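mind looking at a prediction? Sequence and model below.
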Amino acid sequence: MRETPRSQETAGDPRPEPPQPRPGRALAHTTGASGSGTPHRSDGRSPQTPRGVRQTGPAGHLGTTPPVPMWPASRRSRTAVGLCMVLFALITWQVAVEGPLFDADVRLGRALFGTGPTAVAEPLADLGNMTVALPVLAAAIGYVLVRDRRQWRAALTAVLTMAAVPALVVPLKAWIARPAPLEPGTGWYPSGHTATATVAYCAAALLVTPYLRRRWAMPVAVVLTVATGIGLVLRGYHWPLDVLGSLCLFGALPAMLNSLCRSRSSSRTPTG
């Protein structure tokens, strides 16, 4: 019976011989042609690509080859602004012509008015007051300018956006002339308190987020803005579409300020 190579091994052998390379197959690490011991790749490339010749991704950061696909920030911003404007136009049209969405809004508002506890709904509605929201934004602007005065453009953008609240809301209220939910008078669409809360809290969050270890500021800003709208509806100060229209009109603020905040954070990142 023919013996196999394994049966021919003896106990005195220190260990079996390593497998020999097969002809025609390249190894991942072999010595160079000069025998210097420098490893090289089987495909002829160097073991590491120099930093200066690496391909970059869409945002200019060093990445893989090919670059990992990424949605540019400018495209995201344009899409967010466009979506908010389309929704605002749809809501405004329905309120102005008293369409089906307007009728559903009236039924929903009447079902919600006075359903929440006053001790909770009233403070939530007050979050949209200028005396509450503006100090929050002012504190965020002051903090950012103390940390880095070069960010005056982002701070100025936040100030101008806040100044745009009455410039846009007051004419729209006069044009739409929507009746008040529970008291005489017109001019309740869109909600000025909701617009103030959206701009003040979201702008403050965007300004301070690059200086925080955890990204908690924007979720808190969104919660405060939504809570303001809920309080306004439960107390009967605004119809639900008044609140939703303001959120759509000024909800594009994060997209408008995002590019400035991204440029600030990238300038703080070391390039070595």
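Thanks, I have the structure now.

for the closest residue to residue 179 other than its chain neighbours, give me the backbone phi and psi.
Counting by CB to CB, 6 or more residues apart in numbering, residue 179 lies nearest to residue 186, which is 5.4 Å off, once chain neighbours are set aside. All C-beta atoms are positioned from the backbone trio N, CA, C, and that covers glycine. Backbone torsions for residue 186, taken as degrees, to the nearest 10, come to phi -130, psi 170.

likewise residue 238?
phi -150, psi 150.

burial count for it?
28 (other CB atoms under 10 Å).

for residue 159, give its distance to residue 240.
30 Å (CB to CB, to the nearest Å).

contacting residues for the residue nearest to residue 179?
177-180 (CB atoms under 8 Å, 6 or more residues apart in numbering).

run the last query once more with 10 Å
Residue 186 is in contact with 173-174, 176-180, counting by CB atoms under 10 Å, 6 or more residues apart in numbering.

got any ranges where the stretch 151-272 of the chain has weak pLDDT?
Along the stretch 151-272 of the chain, the parts satisfying pLDDT under 70 run over 253-272.

ranges for the helices of this protein?
For the chain, applying DSSP state H gives helices covering 73-97, 100-112, 118-126, 130-147, 152-176, 192-208, 217-234, 240-250, 253-267.

pretty sure residue 142 contacts residue 155?
Yes - Residue 142 is in contact with residue 155 according to CB atoms under 10 Å; the separation is 8.8 Å.

joint contacts of the two?
Listed as contacting both residue 142 and residue 155 by CB under 10 Å, 6+ apart are residue 207.

which one's more surrounded, the two?
residue 155 (20 against 12).

what sits against that one?
The contact partners of residue 155, taken as CB under 10 Å, 6+ apart, are 137, 140-145, 149, 203, 207, 260.

mind giving me the ChimeraX command for buried ones among those residues?
In ChimeraX, a selection of the buried entries from the contacts of residue 155 looks like this (16 or more other CB atoms under 10 Å):
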select :137,140,141,144,203,207,260
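
JSON lines please, covering the contacts of residue 155 and showing distance to residue 245.
Formatted as JSON lines, these follow (distance: CB to CB, whole Å):
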{"residue": "137", "distance to residue 245": "22"}
{"residue": "140", "distance to residue 245": "26"}
{"residue": "141", "distance to residue 245": "27"}
{"residue": "142", "distance to residue 245": "31"}
{"residue": "143", "distance to residue 245": "31"}
{"residue": "144", "distance to residue 245": "30"}
{"residue": "145", "distance to residue 245": "33"}
{"residue": "149", "distance to residue 245": "37"}
{"residue": "203", "distance to residue 245": "19"}
{"residue": "207", "distance to residue 245": "25"}
{"residue": "260", "distance to residue 245": "26"}
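
circling back: type out the PyMOL command that picks the buried ones from the contacts of residue 186.
Of those, the buried ones go into a single PyMOL selection, burial set by 16+ other CB under 10 Å:
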select buried, resi 173+176+178
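
just put the contacts of residue 186 in JSON lines and tack on distance to residue 227.
Converted to JSON lines, the contacts of residue 186 look like this (distance: CB to CB, whole Å):
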{"residue": "173", "distance to residue 227": "23"}
{"residue": "174", "distance to residue 227": "28"}
{"residue": "176", "distance to residue 227": "25"}
{"residue": "177", "distance to residue 227": "28"}
{"residue": "178", "distance to residue 227": "23"}
{"residue": "179", "distance to residue 227": "25"}
{"residue": "180", "distance to residue 227": "22"}
